[in-house]
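Participant: this one's sequence-less:
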């Protein structure tokens, strides 16, 4: 996980120190939760699957615990034990493929967030079955962002705009008095040529988008138009296809925004919005395959449409 | 010189200027809109053979047709400003003070003002004099080299015309 | 021929060269005293040829000083500072640090490059008007 990030921090020279401290913290978190870095907690946990519990850093423990809570809240739409399925498809690797139903069913048996055992006292994590694996990709960036914000706020920073691998996090608004203007990515920007479909003003909030446009098997898409993307439905083992091209969450908490954007995409607009309307401090945008844009109550009137290819449903 | 001959010569000169303009386009650009000014060789030649009026006609036609043939409209602005300014300066020096300047010097002055004209246009388009300040130094140095070269080529052309075509220079 | 007389350097030539030197001097002076240009100024940050960040310098009022840190992957970073004195790279962990030593840029067309990090920060001269965004969630 070598996230490309950009930090825009307003303030005097002391802001630079805080900024560097925040970046160091983000890198530290990346190291602990990386799926590839050989000394990361995650790699150790996966290696010991079915064998023994592994002691991890407090950060990692916290994030896994939160992820399991989300698993429960979403009834399995977010499941960090999705790794065997993700590896089978290999969408982010050099050799992606479309597996057979048998291959998928075999790996699907290993996907179950309830089979992750946490020991709060000893801070250990244990995967019950051999072959299980966890991946914190859907949630680690959110945690890292919250930490970065915490460090910056503690240093007295009042205005900042951070971008961690595509997640946009804001502290305060634009120093000129207006909120930060954040574009919502157009999921089909390659076809429409437009970078974003709408603009929203935010202050002290995080904006996270997930979609079927980020990573998918290109050869298959080019031949058949079928998109096999990287956000899997943990119940079926196939890329989620509840009708959405993209989902966006706006929330005061980055870890929530990160997790919920995946959850909304997997659950689809109807079920997803039912869940989100129950939560505090969370707003959402769902873009369907028919180019309709659904938004939660709190966003009504706040979206500036920037692209004629979509219809904002009110 | 009889009229037909003059018109023919001017036509040839203009076409040469257009070719020079085209070739210049392949040289990487140092500043927005800035060209070396090789076409000014023909301006100088026209000045020496015919005079101010004819030189300016050559400049204007070359500045409009050249960029147009290359497909650029803003190019016309740049070429006109550079060409006219340098044409005026070269005319004044050549016609009024010939004993004080060498051919190379006049061509250099032409190249310098050619670039100044182009930078002023760029500054106007971008809305800031900063363009002028930033790029002038490097273009000045290029102008010295280009000017010298232009002067040499002008001399060769005029020699050739004097010898082979029996034209008084 | 008369042309040959023209080939010798003359006194006027000296004037032309002096004139050029004066112009260069004035330009450098002008550049030094200029503050950052804010008409239609957009600052763009590119990594490996792709624009990853771009925003406008506000037209009126004070320009708030701000610092931007860009991590280009594999541990590399550059820190850019924007203020009324222009845009500068104030810190980076590349081996040559040429970017840090480059002078401030203030004018559209200028840029500061960090080749080891494939990082470019430059000023371009067009603003996007109403559809300008500070960033895009992607």
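Facilitator: Arrived safely. Here the structure is a predicted model, which is why all the values come from computation and not from measurement. Residues are numbered from 1 along each chain as shown, chains lettered A, B, ... in the order given.
Participant: mind checking how far stretch A:185-202 is from the chain centre?
Facilitator: Centroid separation for stretch A:185-202 versus its chain: 18 Å, with CA atoms, centre = their mean, to the nearest Å.
Participant: domains in the chain, by residue range?
Facilitator: You didn't pick a chain, so chain A it is. A:36-127, A:179-313 (automatic domain parsing).
Participant: other chain: chain C
Facilitator: According to automatic domain parsing, the ranges for chain C are C:2-33, C:42-128.
Participant: a markdown table for these, including distance to residue A:153 and mean pLDDT?
Facilitator: Heads up, the C-betas are built off the backbone N, CA and C, glycines and all. As requested, the domains of chain C are exported to a markdown table (distance: least, CB to CB, whole Å; pLDDT from 0 to 100):
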| stretch | distance to residue A:153 | mean pLDDT |
| --- | --- | --- |
| domain C:2-33 | 38 | 82 |
| domain C:42-128 | 16 | 80 |
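Participant: highest mean neighbour count out of the ones you listed?
Facilitator: domain C:42-128 (a mean of 18; mean count of other CB atoms under 10 Å in any protein chain shown).
Participant: can you tell me if that domain touches chain A.
Facilitator: Yes - on the criterion CB under 8 Å from any CB of the partner chain, domain C:42-128 is in touch with chain A at C:45, C:47, C:52-53, C:58, C:61, C:64-74, C:77, C:79, C:90-91.
Participant: now, those that are in strands?
Facilitator: C:45, C:47, C:52-53, C:66-71, C:77, C:79, C:90-91 (DSSP state E).
Participant: thinking again about what came up before, CSV please, covering the domains of chain C and showing distance to residue A:102.
Facilitator: Listed next are the domains of chain C as CSV, based on distance: least, CB to CB, whole Å:
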stretch, distance to residue A:102
domain C:2-33, 70
domain C:42-128, 38
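Participant: among these, which comes closest to residue B:62?
Facilitator: Minimum separation from residue B:62 across those (CB to CB) falls at domain C:2-33, 23.1 Å.
Participant: can you tell if that closest one touches chain B?
Facilitator: Yes - using CB under 8 Å from any CB, domain C:2-33 reaches chain B at C:2-3, C:6-13, C:16-17, C:19-20, C:23-24, C:27-28, C:30-31.
Participant: that older thread, tell me the one of the ones in strands among the residues of domain C:42-128 next to chain A nearest residue A:36?
Facilitator: Nearest to residue A:36 among these: residue C:71, at 17.3 Å, using CB to CB.
Participant: so what's that closest one up against?
Facilitator: By CB atoms under 8 Å, 6 or more residues apart in numbering or on different chains, the contact list for residue C:71 reads A:3-6, A:23, C:77.
Participant: packing partners for the top helix by length along chain B?
Facilitator: If you go by DSSP state H, chain B has its longest helix at helix B:130-164. Counting contacts by 3 or more CB pairs under 8 Å, 6 or more residues apart in numbering or on different chains; DSSP states H and E, helix B:130-164 is packed against helix B:40-49, helix B:103-126, helix C:2-7, helix C:11-33.
Participant: on that earlier part again, from the contacts of residue C:71, which land in strands?
Facilitator: A:5-6, C:77.
Participant: quick check, residue C:20 in contact with residue B:143.
Facilitator: Yes - here residue C:20 reaches residue B:143: they are 7.3 Å apart, a contact under CB atoms under 8 Å.
Participant: hey, what's in contact with both of the two?
Facilitator: residue B:112.
Participant: show me the contacts for the residue nearest to the spatial centre of chain B.
Facilitator: By CA atoms, centre = their mean, chain B has its centre lying nearest to residue B:40, at 2.0 Å. Contact analysis of residue B:40 by CB under 8 Å, 6+ apart lists B:83, B:86-87, B:90, B:107, B:110-111, B:114, B:150.
Participant: try 7 Å
Facilitator: Contact analysis of residue B:40 by CB atoms under 7 Å, 6 or more residues apart in numbering or on different chains lists B:86, B:107, B:110-111, B:114, B:150.
Participant: could you do residue C:72 as well?
Facilitator: A:4, C:47, C:117-119.
Participant: can we see that at 10 Å?
Facilitator: Taking CB atoms under 10 Å, 6 or more residues apart in numbering or on different chains, we find residue C:72 in contact with A:2, A:4-6, C:47-48, C:52, C:78, C:92, C:94, C:114, C:116-119.
Participant: check residue A:92 too.
Facilitator: By CB under 10 Å, 6+ apart, the contact set of residue A:92 is A:35, A:86, A:137, A:214-215, A:230.
Participant: could you pull out the helices for the stretch 151-300 of chain A?
Facilitator: A:189-192, A:218-224, A:254-267, A:269-277 (DSSP state H, counting those that start in this stretch).
Participant: secondary structure element holding residue 87?
Facilitator: Chain wasn't specified; assuming chain A. Assigned by DSSP states H and E, residue A:87 belongs to helix A:83-89.
Participant: let me rephrase: I mean chain C.
Facilitator: strand C:86-92.
Participant: from the chain's centre, how far out does that strand sit?
Facilitator: That offset, for strand C:86-92, works out to 11 Å (CA atoms, centre = their mean).
Participant: who are the packing partners of the helix or strand that it is followed by?
Facilitator: Later in the chain than strand C:86-92, the nearest helix or strand by DSSP H and E is helix C:98-101. Helix C:98-101 sits against strand C:77-83, strand C:86-92, strand C:111-114, strand C:119-124, with contacts defined as 3 or more CB pairs under 10 Å, 6 or more residues apart in numbering or on different chains; DSSP states H and E.
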